[in-house]
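[1] Give me a 3D structure for the following:
(one chain, ligands or ions: 1)
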Amino acid sequence: MEYIITNIKLLYGENLELMKDHAVWVKDGSIEKVAATQEIPADLPVVDGNGDYLIPGLIDLHVHMMWDGSLNPVSTSETEGYEQMLLRAASNCRHYLLHGITTVRDIGSIDDIAIHISKAIKRGLIQGPDVVASGKTLTMTGGHDPFWARFVDGPEEALKGVREQIFKGAEVIKVSSTGGVYGRTEGEEVGNAELSMEEQRVICNEAHKFGLKVASHAIGREGLYNSILAGVDTIEHGHFLDDELIALMEERNVAWIPTLFVYKQIATQEGIPQYAKEKAVEIVSIHRNAFRSYFDNNLLIGAGSDAGSPCTPHHALWNELYTMHEIVPDTKNILKTATVNAGKILGRKVGQIREGYQANLLLTKENPLTNLKHLEGLRQVIVRGKIIPLQTPAGQVLGV
Ligand SMILES: [Zn+2]
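    Numbering: from 1, shown residues only. Now for the predicted structure:
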């Protein structure tokens, strides 16, 4: 399949540079060429962009596709059973596409649902974004997120645990290195370190041997330190990051996925379970201060929404970007967290409009660099070169 998108303004390459009078040649799911319109072969089918903005498809680096984003998703999943959870995950994948999210990294689902969904999308059985799925979260016995955990204690079990996930088809490994806010209802504290540095080091070495990255749920300082020195690739949340830890992350190319929006929701929304709300209230301002302090540092920051978590819908990537913008003014660098940076963090050719990159593209009516809310004026979604035949919230169906 081959076509040209013309009559567009586009945000090119890793600097999201605004280009006019250019066209994009899409071939076999990838971007074959970006060039001045007259330099592109005239005999290919044409998609008329109607003067809209062509931007890279969005990437959400932290989702839980089988959760429902209600006040208490754990209680929903406890009552509804596997089949309903699986169907919800499939339905949420269409929801991601409808909102311009063309890649998601799912790092926590019961019974490996996200791995099954990822396989079904690859096989063309259902429509959805590219899914990079972890298997079970590797957690100490009794640790954070027991509902989708593989409990491991000691280096030998850690090794066995990571190999099991790789065998099942995980494309990223998730570990819990501290307690969390919304996890066990009793006895879990964000300051408590969980998996040891030694256990995490075994996991990281083995995952890296097979080309997989490791994402660490880490809030308190001791657990953050353990994860960074053990060799993880991304810190999820990272409320208690400080100057010393940030310097270590920069030195070791560890990226940060702050997930700001979900903690704001848990701290402020009525009806959230009290045990979680109390913990979130305590750490939200610490989190925001860390983000303000380190946003301009020399480390990659990627956007992750924690979609599916309490009061966090599956298009909350938008809200994550808006929340960043409440704290820092730089719209371009914020949009990069969900595009350019996120692609680099995944180590995949996504998140940029550039030759050789996957053709995951959006048309928006106005320029999101002037106002991030323009992401909501979505007119068309293209994933792996395929024009999704759907009526987008603000859009119209375009055809080749
Ligand atoms: Zn999460």
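[2] show me what contacts the residue of the chain most remote from its centre?
    For the chain, the largest distance from the centre (Cα atoms, centre = their mean) belongs to residue 43, which lies 37.7 Å off. Counting by Cβ atoms under 8 Å, 6 or more residues apart in numbering, residue 43 touches no other residue. For glycine as for every other residue, the C-beta is placed from the backbone atoms N, C-alpha and C.
[3] And it, how far from residue 2?
    Computed with Cβ to Cβ, to the nearest Å, the distance linking residue 43 and residue 2 is 10 Å.
[4] residues of stretch 130-146 that come out buried?
    By neighbour count, and taking 16 or more other Cβ atoms under 10 Å as the criterion, the buried residues in stretch 130-146 are 130-140, 143-146.
[5] Narrow those to those in strands?
    Of the positions in those, 130, 131, 132, 133, 137, 138, 139 sit in strands, assigned by DSSP state E.
[6] how close does residue 190 sit to residue 163?
    From residue 190 over to residue 163 the distance is 29 Å, taken as Cβ to Cβ.
[7] before we move on, the earlier item: of the buried residues of stretch 130-146, which is the nearest to residue 328?
    Each of the buried residues of stretch 130-146 was scored against residue 328 by Cβ to Cβ, and residue 132 proved nearest at 26.5 Å.
[8] For the closest one, give the beta-bridge partners.
    With beta bridges defined as DSSP bridges, residue 132 has these partners: residue 105.
[9] List the contacts of it.
    With contact taken as Cβ under 8 Å, 6+ apart, residue 132 is in contact with 103, 104, 105, 106, 118, 171, 172, 346, 348.
[10] Looking only at neighbour counts, state which of residue 190 and residue 163 leads.
    When residue 190 is set against residue 163 and neighbours are counted by other Cβ atoms under 10 Å, the residue ahead is residue 190, at 21 against 14.
[11] For that one, give me the pLDDT.
    In this model, residue 190 is scored at 86, pLDDT.
[12] wait, doesn't it sit right on residue 278?
    No: counting by Cβ atoms under 8 Å, residue 190 stays clear of residue 278, with 11.2 Å between them.
[13] Let me see the domain layout of the protein.
    In the domain annotation for the chain, the residue ranges read 2-56+351-387, 58-346 (automatic domain parsing).
[14] Show me how far the longest one is from its chain's centre.
    If I follow you right, that is domain 58-346. Computed by Cα atoms, centre = their mean, to the nearest Å, the chain-centroid distance of domain 58-346 equals 8 Å.
[15] Same question for stretch 45-56.
    Using Cα atoms, centre = their mean, we find the averaged C-alpha position of stretch 45-56 to lie 25 Å away from the chain's own average C-alpha position.
[16] what does the lengthiest helix in the chain contact?
    Selection of the longest helix in the chain by residue count, based on DSSP state H, yields helix 274-294. Helix 274-294 has contacts (Cβ under 8 Å, 6+ apart) with 181-182, 185-186, 189-190, 219, 237-242, 246, 256, 258, 260, 263-264, 266-267, 272, 301, 310, 324, 327-328.
[17] are any of these buried, and which?
    The neighbour-count test (16+ other Cβ under 10 Å) applied to these identifies 181-182, 190, 219, 237-241, 246, 256, 258, 260, 263-264, 266-267, 272, 301, 310, 324, 327 as buried.
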